[in-house]
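# A structural model of the following input is requested.
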Amino acid sequence: MKYRMIFMVFLALLFTGCTYSDANSPNLENTSNINTLFASAEIKTGDAKIFKDKVIAGADGCMTILNKDGTVYNQFKDIPANWIYVLEEPMMAVSGSGENAIRLTRFAEDYSVLDSRVLFSSDNLLIDPVIFRNNDIWIVTYTEIIGTVNNADPENENGHYIVHCYISEDLQTWIPADDIISGDNNIEDGDMFSEDNALYYIYEKESYDKGPSSINIISSVDHGKTWNNESEIIPLSGADNEIAAIYKNENGYSLYYSSDRENIGESYNGSAVYRAELSGDFKVIDTEKIDLDEDKGILLYDVRQDENRTSFLYVQNYLTENNLCYKEIIH
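Residues are numbered from 1 along each chain as shown. Next up, the predicted model:
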């Protein structure tokens with residue numbers, strides 16, 4: 001899930017990898033304006049993100065670059081990757097994998113790898129890394145799972161999830177800050193953004209794997225050193241809610257996510273895409289279902305909201321088919 005904000009007048013704030021806008025959220029109601037870039041990629045993915053004019057994915061356990069038609073542009077078999085987060089300026093990705101490590105990989109403009117190295121490692125599984133630049137400070141977060149991973153049985157004991165936070169001035173030396181959040185819940189799909197001198201970390205908090213979940217947010221006012229004021233954005237209500245992207249707009253924020261709210265208990269295979277309009281203090285004002293002309297379940301990976309189009313990267317029926325799809329709505 002990527003935090004991006006549109007910018008109509010000023011230059012992009014490159015340190016965030018985002019742009020800023022006071023524009024309204026785009027109208028996504030006209031399904032005749034849906035353009036399908038690809039409907040099934042050559043490979044099966046565990047995670048994927050829009051990466052400039054390509055797609056980056058964790059496929060076959062390694063980092064993979066796809067063209068916009070779904071064909072493989074390059075696959076780096078020596079770079080393990082199951083969970084991926086990207087920045088576009090400069091071009092880099094952090095990834096987690098079954099090697100129990102978090103890697104930082106830097107790319108050239110032609111998507112060749114400049115270097116790839118392990119930042120953190122553990123005896124436990126490390127997932128859902130995030131990299132963010134806040135002025136001259138780099139921040140990396142990731143989730144460590146101690147004990148049971150992705151417990152799917154509500155009667156069984158969950159593992160202990162800890163979201164760690166590290167700070168660096170040079171991408172070389174990393175200093176630990178306070179852990180952002182921890183608990184015996186599945187804490188997943190984190191993302192970070194800044195607003196009004198505060199940092200925000202948004203994440204899914206799940207009772208058990210593919211079970212009921214809320215979308216929560218927590219903030220820091222000291223550049224990531226300490227974290228407080230956890231609150232729910234999308235409350236726990238029985239649905240499995242999966243974050244994809246959040247954008248700033250003139251009234252607050254637009255949150256894109258997939259949810260099985262109309263098919264409770266079916267998780268990814270019964271989910272559709274939604275956009276929640278949020279106030280400036282992250283209260284839900286309105287929620288809209290986004291019609292992608294799709295008759296299968298959607299696990300939404302990423303959303304790119306531009307001036308004239310909004311792009312959606314997702315998989316159909318993740319649990320059974322895992323077909324990667326890339327569509328855009330022209331507006």
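# all helices of the stretch 151-300 of the chain, in order?
Secondary structure of the stretch 151-300 of the chain (DSSP state H, counting those that start in this stretch): no helices present.
# which stretches of this protein have low pLDDT?
By pLDDT under 70, the low-scoring segments of the chain are 1-23, 31.
# from memory S259 sits against Y274, does it?
Yes: counting by Cβ atoms under 8 Å, S259 touches Y274, with 5.6 Å between them. In this view, the C-beta of every residue, glycine as well, is placed from N, C-alpha and C.
# For E88, name its beta-bridge partners.
Counting by DSSP bridges, E88 forms beta bridges with M91.
# Please report how far it lies from P176.
27 Å (Cβ to Cβ, to the nearest Å).
# Mind checking which of the two has more residues around it?
Counted by other Cβ atoms under 10 Å, E88 and P176 do not tie: E88 has more neighbours, with 17 against 10.
# Give me the more crowded residue out of S259 and Y274.
Using other Cβ under 10 Å as the criterion, S259 and Y274 rank with S259 on top: 26 against 21.
# In contact with the more buried one, which residues?
Contact partners of S259, counting by Cβ atoms under 8 Å, 6 or more residues apart in numbering, are I234, A239, D240, N241, E242, S271, A272, Y274.
# which one of those is nearest T143?
Nearest to T143, judged by Cβ to Cβ, of these is E242 at 14.8 Å.
# quick one: contacts for the closest residue to the closest one other than its chain neighbours?
The shortest distance from E242 to any non-neighbouring residue, by Cβ to Cβ, 6 or more residues apart in numbering, is to S258 (4.8 Å). Going by Cβ under 8 Å, 6+ apart, S258 touches N241, E242, A244, Y268, S271, A272, V273, Y274, I298, L299, L300, Y314.
# Same check on I50?
Per Cβ under 8 Å, 6+ apart, neighbours of I50: K2, D302, R304, S311, L313.
# need the contact list for G190.
M1, D128, V130, T141, T143, V163, I180, Y201, I202, Y203.
# Now with 7 Å, please.
D128, V130, T141, T143, V163, Y201, Y203 (Cβ atoms under 7 Å, 6 or more residues apart in numbering).
# what is the closest residue to it other than its chain neighbours paired to in the beta sheet?
For G190, ignoring the flanking residues on the chain, the nearest one in space by Cβ to Cβ, 6+ apart is Y203 at 4.4 Å. Y203 has the following beta-bridge partners by DSSP bridges: N216.
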